[in-house]
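K.L.:
Using only what follows, build the 3D model:
(chains A, B, C, D, E and F)
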Number of protein chains: 6
Amino acid sequence: MNKVVRKIKRPDAEVVKILETLGTATISEAQGRRGLLNPYMRPIYPAARVCGPAITALCQPGDNMMIHAAIEVSQPGDVMVVAVTSDSTDGYFGELLGTSLQAHGVKGLILDAGCRDVTELTAMDFPVWSKCISAQGTVKETPGSVNIAVVCANQLVRPGDVIMADIDGVVVVPRETAAAVAKAGLDRVAKEEKTRARLKTGELGMNFNGIREKLAALGVVYIDEE
Amino acid sequence: MNKVVRKIKRPDAEVVKILETLGTATISEAQGRRGLLNPYMRPIYPAARVCGPAITALCQPGDNMMIHAAIEVSQPGDVMVVAVTSDSTDGYFGELLGTSLQAHGVKGLILDAGCRDVTELTAMDFPVWSKCISAQGTVKETPGSVNIAVVCANQLVRPGDVIMADIDGVVVVPRETAAAVAKAGLDRVAKEEKTRARLKTGELGMNFNGIREKLAALGVVYIDEE
Amino acid sequence: MNKVVRKIKRPDAEVVKILETLGTATISEAQGRRGLLNPYMRPIYPAARVCGPAITALCQPGDNMMIHAAIEVSQPGDVMVVAVTSDSTDGYFGELLGTSLQAHGVKGLILDAGCRDVTELTAMDFPVWSKCISAQGTVKETPGSVNIAVVCANQLVRPGDVIMADIDGVVVVPRETAAAVAKAGLDRVAKEEKTRARLKTGELGMNFNGIREKLAALGVVYIDEE
Amino acid sequence: MNKVVRKIKRPDAEVVKILETLGTATISEAQGRRGLLNPYMRPIYPAARVCGPAITALCQPGDNMMIHAAIEVSQPGDVMVVAVTSDSTDGYFGELLGTSLQAHGVKGLILDAGCRDVTELTAMDFPVWSKCISAQGTVKETPGSVNIAVVCANQLVRPGDVIMADIDGVVVVPRETAAAVAKAGLDRVAKEEKTRARLKTGELGMNFNGIREKLAALGVVYIDEE
Amino acid sequence: MNKVVRKIKRPDAEVVKILETLGTATISEAQGRRGLLNPYMRPIYPAARVCGPAITALCQPGDNMMIHAAIEVSQPGDVMVVAVTSDSTDGYFGELLGTSLQAHGVKGLILDAGCRDVTELTAMDFPVWSKCISAQGTVKETPGSVNIAVVCANQLVRPGDVIMADIDGVVVVPRETAAAVAKAGLDRVAKEEKTRARLKTGELGMNFNGIREKLAALGVVYIDEE
Amino acid sequence: MNKVVRKIKRPDAEVVKILETLGTATISEAQGRRGLLNPYMRPIYPAARVCGPAITALCQPGDNMMIHAAIEVSQPGDVMVVAVTSDSTDGYFGELLGTSLQAHGVKGLILDAGCRDVTELTAMDFPVWSKCISAQGTVKETPGSVNIAVVCANQLVRPGDVIMADIDGVVVVPRETAAAVAKAGLDRVAKEEKTRARLKTGELGMNFNGIREKLAALGVVYIDEE
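P.N.:
Numbers count the residues shown, from 1 in each chain, chains lettered A, B, ... in the order given. Model prediction:
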């Protein structure tokens, strides 16, 4: 039942580049407020920012064996996504595994459990998003799978989906819709640029985005003083 | 039932200046350990520090419409306080709204929900205290109110109350007692200055604050070794 | 029933020095993944790092009296460990107590409750690991004990045990086994140094640590594509 | 600063009777989805159900002194609401206090902390809604206030407001709007009775409440199969 | 982008019947400890127990519109699974919707949010598993989808998968493997029946399941006394 | 390093009998509000109530091997206490192990993790206190220890200590002080009986326990109305 899938379909590299410029919040909006992992996923350092195709590993409780197995099927530019079969705060990942992933060109890790060796990983600039930080180690005894669809922090991630992660969190973009989301995101950025310029002058958003009319229609009353 | 109140009574500007020097912990002590918002409220960057009169917005779940409406009634120096009618981790606030608030002179935001665009808000030096960081966006469809009394992170905040927020958390000072609290805080600072000088020399606090006597009275036994 | 124990057995100073170089994660592994405090314990600033013999204080809810009492029995180089008799997020510790501890040479604090004055403690470089940050103060009315065995963040800590704390968390090493753990840790570091060098070249860990064989034995199937 | 207020304005007894028949969910809807305490508040037994005017007590951490003080100012039919000045899971209330409250005709307790003696309180049929169950006791040393406005489980409760609590949670109704809410609730019940009768026959709500049209307007597509 | 899918493939009815006899724990074991929803999902009454094909609804924050839309495409025997696009404790479901679901033969509800009208739903014997109980209502304004794959309480659920829920929690069985899991579960039950008979006589499991040998091999030492 | 200790010192049987009559809350008070396990420990059914000497097992994450090993060294009347080396919600214990424990006369289980087969365990009247309910199973591969001192739900439990557990939670009484605690508890019960009788007549506790005087001394003001 457990398996390692060697080859996966990866998204278009140009699309990944665009998505990386957009960031988590814009991407999430561009795909209809879908795809965000639970906000308990936090970067181990504030400047962490990464975008790339997902390779996935499903691990058993207190066991990081399948992270080791996943390295072999990774390609430079990938982002590894690790799900666990039950809630855990243990430290499944540290600096040695980070060294190995970095040597293979993997750009970052999304881990629905704990991370350790934070000082070293920060110095190496290997970004990790995790549920917590914990020095509690794991074993390498129980098998799971690599490159199957997994649920990580309440979101479905399939191998080859695009992962964007930054200080605002982690979002997954299905490979099939990545190009459309990238385009929608660019449109959004262009539109926001204009809005920002108007807001900077002190213009009120509610005067040009229809909120004033909505408030009136919804019966919100303005009074001078209570 | 929903309303926007345009004018509120604000606290004395000199009092706000003094409170800003005191900080959250001292103010909280000076008013009898009252007024602290729940400690899940954290600043999005460590140097965040702000003090000013509260303008308040009450939002519906997944809807940030009333933040837009609150900007119009703000004044330079205000701190916006946003409460929501049910528990939410969504990202009600980001960089565009931050730009607008900053353009109107609002000094910071206290938000009982999620915040996003943390990189941009940090670069702009617009401080936010929030329950979490989340890229999950909201809509602008359901009406709430502006400048009514709200409960934010388990504390009552009324428009015109003073909000002090720093790395230790967020405290609210009722407008009516702000001057008295500022005075009590200054007294406390002066007293602590003396205590600090004595402690720095290695003098034991328990020798000059009555704890040694209390311990004896309460039957605590000293033994050399177990 | 409550007592203050003046003299405790401390671990060998050379052993403490070695343990300090190893860090939390290595020590935890070296003693068989034992001794880590719950991962909710976090440092108030990222560079915090400390190692030393534990002096312990057991406090009552909302009362920090026994921290005051513990200072007198501390020695330079100690690390104070504070447990509370019921769950609390209040701020039991701030800058004044930090000044006093620092004056007595205490190197840091492990606190199963809230900490405040984080800006000042960071400026003083007095490291604290705590459950949360909260400006909510405490009183000094109810007695507890000093230098008895306490449970702090789900771990047993006895006076004189070694505490190592860094960005990965907090670990306790029983005094009796500290030398053996230090030795096992040094061995582990030496071994990891070699592993790290191999991983840096891109060599796969699963090729030299037996995982490939285990996966096969456990029936994990390799397939090219789904 | 701490005070005990002896006399409070209570709501109309007839209005309380009507609200009791409506229950928490209907009342909450009837006042515009406002007034619900945080859902962590749970009854100690499933059949617990109570409605009455609030008398309030504000307690310090680990101290239940003000519950004792509040009994004296209670009247038969009241519901006691206890807030604490910081997060606590301690057991502020047990069977002895329950005996005293029951002797004075108080109908139930809303407690933003822990409750104990659950077996005895259930046998006495004295209902309590609390954050948790905990046998951890408290002291009677630190003063708070009685019959002031408090924030309990994230809602403002003023003395004399109406509290309705049942298995769905706890809701507060401001005294001033209680009659209007009771009327709106009765209307709602009448309307729901008709809806229920139609739904029981298998009629689809979306066919008579406009949802089908809304879905079409919002662009939701119906497809037969994927 | 939002859609309602009318027809789904359902699992074999005989297989569902067998799975219902097995219960959550046995099914979870029979499919390799996979498929359990997060343990925060609890039944609203202890005797709740249900098994059937999943029909799914994806709802927006604070909006239960798609539960209404899902009823029309349900069939008798189905179990409805409701996911929400962001964390919410609001009460998306109550007695009126329960009446409608029951009229259409839907056997139960799995809801990754709050449930209300617990007294009425219990009296109707309509079982719900939810994250919490909350009287906080929702609106019917924002569209989602029906019968698409959803992530509910950290598990992927596709329309037509089998849902088994009882007091131990909720497990999802992919439609394709349901028959195999049912068979494996029956085997397990038969085997456990024999084990149970032996254990009842006081025989030690470690004497017939190989644990004694494993402990010896792993170096666990037996000592008489410390 | 891992070991199984065969013989432990058990407390006096008469003392255990007395403690069982007292219950968790009274025992906790009688030993100075010490010894309560974290309130997240809840019984799987309300009538669960047990008292007896602790036998302890320390388990590794996701592994219940040592529960099997602990049965052999149990005696009729014991209560098993299971700690795990890292946070876990998995279901370490179910009906088969319950059958075995019951066959050996073990009266109940305290488990700092998840429990499953709740329906069957309830029918067998085998009481369990656990952190949660979860059907997620475990393996039997990694060794731990039996009858060593463990930390369970933030309390130290040594083999032979007395465990009392009921609906109010779980308390541990050190073997050495059990007789003194039992005596203090009986005194407390006698005293409370008198207090209860007075309170039932409507007499105010604050009139005979000194609270009225304390309130006055602490400056609490009585006012008639606000």
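
K.L.:
Run through the bridge partners of the most centrally placed residue in chain A.
P.N.:
Central residue of chain A (C-alpha atoms, centre = their mean): A:Val170, 2.4 Å from the mean position. Per DSSP bridges, the residues bridged to A:Val170 are A:Ala165.

K.L.:
in chain A, which helix has the most residues?
P.N.:
Longest helix in chain A by number of residues (criterion: DSSP state H): helix A:178-200.

K.L.:
CA atoms of the following helix or strand past that helix as CSV?
P.N.:
Sequence order places helix A:205-208 as the next helix or strand after helix A:178-200, per DSSP states H and E. Extracted C-alpha coordinates of helix A:205-208, given in CSV (Å, rounded to 0.1, in the frame of the first residue of the first chain):
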residue,chain,number,x,y,z
GLY,A,205,-11.6,53.6,-0.5
MET,A,206,-15.3,53.6,0.5
ASN,A,207,-15.8,56.5,-2.0
PHE,A,208,-14.6,54.6,-5.0
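
K.L.:
do the following helix or strand past helix A:205-208 and chain B meet?
P.N.:
The helix or strand immediately downstream of helix A:205-208 is helix A:211-217, counting by DSSP H and E. Yes - using C-beta under 8 Å from any C-beta of the partner chain, helix A:211-217 reaches chain B at A:Ile211, A:Lys214, A:Leu215. To be clear about C-beta, it is placed using only N, CA and C from the backbone, and glycine gets the same treatment.

K.L.:
Is the second one in contact with B:Lys140, as I believe?
P.N.:
Yes - taking C-beta atoms under 8 Å as the definition, A:Lys214 is a contact partner of B:Lys140 at 7.3 Å.

K.L.:
the helices in chain A, which residues?
P.N.:
Applying DSSP H to chain A gives helices spanning A:13-22, A:24-30, A:65-71, A:95-103, A:118-123, A:178-200, A:205-208, A:211-217.

K.L.:
Select, out of these, the one closest to C:Trp129.
P.N.:
helix A:118-123 (13.7 Å; C-beta to C-beta).

K.L.:
returning to that earlier point: single out the most deeply packed of the helices of chain A.
P.N.:
Stretch with highest mean neighbour count among the helices of chain A: helix A:24-30 (a mean of 27; mean count of other C-beta atoms under 10 Å in any protein chain shown).

K.L.:
gap between A:Arg42 and chain C?
P.N.:
11 Å (C-beta to the nearest C-beta, to the nearest Å).

K.L.:
now do A:Asp166
P.N.:
Taken as C-beta to the nearest C-beta, the span from A:Asp166 to chain C is 19 Å.

K.L.:
And that residue, how far from D:Val221?
P.N.:
Here A:Asp166 is placed at a distance of 33 Å from D:Val221 (C-beta to C-beta, to the nearest Å).

K.L.:
of these two, who's got more company?
P.N.:
Remark: of A:Asp166 and D:Val221, A:Asp166 carries more neighbours, 26 against 12, as counted by other C-beta atoms under 10 Å in any protein chain shown.

K.L.:
and chain A, which residues reach chain C?
P.N.:
Counting by C-beta under 8 Å from any C-beta, the residues of chain A close to chain C are A:2-8, A:65, A:68-69, A:71-72, A:89, A:91, A:94-97, A:99-100, A:103-104, A:114, A:116-119, A:132-137, A:140-143, A:145, A:147-148.

K.L.:
Could you give me the ChimeraX selection string for whichever of those are buried?
P.N.:
This is how ChimeraX selects the buried members of these, with burial counted by 16 or more other C-beta atoms under 10 Å in any protein chain shown:
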select /A:2,3,4,5,8,65,68,69,71,72,89,91,94,95,97,99,100,103,104,114,116,117,118,119,132,133,134,135,136,137,140,141,142,143,145,147,148
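
K.L.:
which ones among the residues of chain A next to chain C are found in strands?
P.N.:
Secondary structure defined by DSSP state E assigns A:Lys3, A:Val4, A:Val5, A:Gly91, A:Gly114, A:Cys132, A:Ile133, A:Ser145 of the residues of chain A next to chain C to strands.

K.L.:
Now narrow the residues you listed to whatever sits close to chain F.
P.N.:
Answer for these near chain F: none qualify (C-beta under 8 Å from any C-beta).

K.L.:
Nearest to chain E among these?
P.N.:
Using C-beta to the nearest C-beta, A:Ser145 is the member of those that sits closest to chain E, with 10.3 Å.

K.L.:
Return the residues in contact with A:Trp129.
P.N.:
A:Trp129 sits next to A:37, A:41-44, A:48, A:108-111, A:165, A:169-170 when contact means C-beta atoms under 8 Å, 6 or more residues apart in numbering or on different chains.

K.L.:
Could you double-check that A:Arg212 lies in contact with A:Met206?
P.N.:
Yes - taking contacts as C-beta under 8 Å, A:Arg212 lies within contact range of A:Met206: 4.9 Å.

K.L.:
ok, A:Phe93 touching A:Asp112?
P.N.:
No - with contact defined as C-beta under 8 Å, A:Phe93 and A:Asp112 do not form a contacting pair (11.1 Å).

K.L.:
Common neighbours of these two, please.
P.N.:
Common neighbours of A:Phe93 and A:Asp112, using C-beta under 8 Å, 6+ apart, are A:Val82, A:Ser130.

K.L.:
hmm, back to that, could you dump the helices of chain A into a markdown table and include mean pLDDT?
P.N.:
Shown next, in a markdown table, are these (pLDDT from 0 to 100):
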| stretch | mean pLDDT |
| --- | --- |
| helix A:13-22 | 98 |
| helix A:24-30 | 97 |
| helix A:65-71 | 97 |
| helix A:95-103 | 98 |
| helix A:118-123 | 98 |
| helix A:178-200 | 97 |
| helix A:205-208 | 94 |
| helix A:211-217 | 95 |
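
K.L.:
Please tabulate these in CSV, including the columns distance to chain E.
P.N.:
Below are the helices of chain A laid out as CSV (distance: least, C-beta to the nearest C-beta, whole Å):
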stretch, distance to chain E
helix A:13-22, 18
helix A:24-30, 10
helix A:65-71, 14
helix A:95-103, 24
helix A:118-123, 25
helix A:178-200, 10
helix A:205-208, 20
helix A:211-217, 13
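
K.L.:
Report the contact partners of A:Thr24.
P.N.:
Per C-beta under 8 Å, 6+ apart, neighbours of A:Thr24: A:Leu36, A:Met164, A:Ala165, A:Asp166, A:Asp168, A:Gly169, A:Val170, A:Val171, B:Arg116, B:Ala135.

K.L.:
closest to chain E among those residues?
P.N.:
Chain E lies nearest to A:Leu36 out of the contacts of A:Thr24, by C-beta to the nearest C-beta, at 7.7 Å.

K.L.:
hmm, stretch A:143-161 in reach of chain B?
P.N.:
No - applying C-beta under 8 Å from any C-beta, one finds stretch A:143-161 separated from chain B by no less than 11.4 Å.

K.L.:
Can you give me the buried ones in that stretch?
P.N.:
Those would be A:143-161, for stretch A:143-161 by 16+ other C-beta under 10 Å.

K.L.:
Could you identify the longest strand within chain A?
P.N.:
Longest strand in chain A, counting by DSSP E: strand A:50-59.

K.L.:
Quick check: neighbours of that one in the sheet, parallel or antiparallel?
P.N.:
Partners of strand A:50-59 in the sheet, by DSSP bridges, are strand A:79-84 (parallel), strand A:145-146 (antiparallel), strand A:162-166 (antiparallel).
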